[in-house]
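Peer 1: what follows is a predicted structure for the sequence shown.
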Amino acid sequence: MSTETARPKRSRAATRERVLDGALAEFAERGFGRSTPERICERAGFTRGAFYSNFSSMDEVFLALWQRQANALVERLRAAVEDVHVDAPPAAPAPSGDRAFTDTVADGLAGLTADVSWHVLTAEFSAYAARRPEVARVIVEHRATMRHALLPMIERVLAAFGRELAVDEDTMGRSVVAAYDGAMAQAMIEPDDPAPRRLALELVAAVIWTRSRPVRDQ
């Protein structure tokens, strides 16, 4: 590929990303229904033409933005799962083990709660998808990917504490995501308060703990 050919492609990709950045800021502040291509481009530093040279409609930019942010979240989740450090659990009754387990999970996944704007966007997208089955399928696929990415961390930390799943993998994954989403809904309306974000991670740990059991003797 010649330099002349590569440069326009890189420029087009960079323009698309900047439009998506503008859309993220606009949707998070004003909501999807009140946003326009003109306002998105203004935030991105472009004219209206930059929008329509990359997207055919507001629906298309909304879906592209959600998929970009969802993919980034899954990558952060996978990185966090790999980085979770498990200390030797205390040789103590369940309450102490429970606390140590909560701290391990919450500290390991703390970086996932930093971007509250993602949860605002997810709430917007979920309401939008509820009336469009073809869009809802995108959310379903993303949630399944998140559950799959979480399972190695769940199983590794449980094993370190001498525990195992007491429910099937799908049920555990759905329970964890539901607890996380519910608590992060509070963070959307209290973005400057760290308490709801910490609560989200502690609830995740609590769900994992209560839906697990001591490893049975073979």
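Peer 2: Yep, that arrived.

Peer 1: distance of Arg30 from Ala23?
Peer 2: In this structure, Arg30 and Ala23 are separated by 11 Å, where distance is defined by Cβ to Cβ, to the nearest Å. Every C-beta, even on glycine, is put in place using the N, C-alpha and C of the backbone.

Peer 1: those two: which has the busier surroundings?
Peer 2: Ala23 (28 against 12; other Cβ atoms under 10 Å).

Peer 1: contacting residues for the more buried one?
Peer 2: Contacts for Ala23 (Cβ atoms under 8 Å, 6 or more residues apart in numbering) come out as 35, 40, 43, 61-62, 65.

Peer 1: closest to Arg163 among those residues?
Peer 2: Closest to Arg163 out of the contacts of Ala23 is Leu65 (38.7 Å), distances taken as Cβ to Cβ.

Peer 1: quick check, that closest one in contact with Ala25.
Peer 2: No. Shown here, Leu65 and Ala25 do not form a contact pair, counting by Cβ atoms under 8 Å, at 10.5 Å.

Peer 1: worst mean pLDDT across the helices and strands of the protein, which element?
Peer 2: When each helix and strand of the chain is scored by mean pLDDT, DSSP states H and E, helix 94-108 comes last, with a mean of 75.

Peer 1: buried residues of it, list them for me.
Peer 2: Residues of helix 94-108 classed as buried by neighbour count (16 or more other Cβ atoms under 10 Å): 97-98, 100-102, 104-106, 108.

Peer 1: can I get the CA coordinates of that helix in PDB?
Peer 2: Only the C-alpha atoms of helix 94-108 are listed here, as PDB (Å, rounded to 0.1, in the frame of the first residue of the first chain):
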ATOM      1  CA  ALA A  94     -16.500 -17.500  57.100                       C
ATOM      2  CA  PRO A  95     -17.000 -13.800  58.100                       C
ATOM      3  CA  SER A  96     -13.300 -13.000  58.000                       C
ATOM      4  CA  GLY A  97     -12.900 -15.000  54.800                       C
ATOM      5  CA  ASP A  98     -15.900 -13.200  53.300                       C
ATOM      6  CA  ARG A  99     -14.300  -9.800  54.100                       C
ATOM      7  CA  ALA A 100     -10.900 -10.700  52.600                       C
ATOM      8  CA  PHE A 101     -12.700 -12.100  49.500                       C
ATOM      9  CA  THR A 102     -14.700  -8.900  49.100                       C
ATOM     10  CA  ASP A 103     -11.500  -6.800  49.300                       C
ATOM     11  CA  THR A 104      -9.700  -9.000  46.800                       C
ATOM     12  CA  VAL A 105     -12.500  -8.700  44.200                       C
ATOM     13  CA  ALA A 106     -13.300  -5.000  44.800                       C
ATOM     14  CA  ASP A 107      -9.700  -3.900  44.700                       C
ATOM     15  CA  GLY A 108      -8.900  -6.000  41.600                       C
END
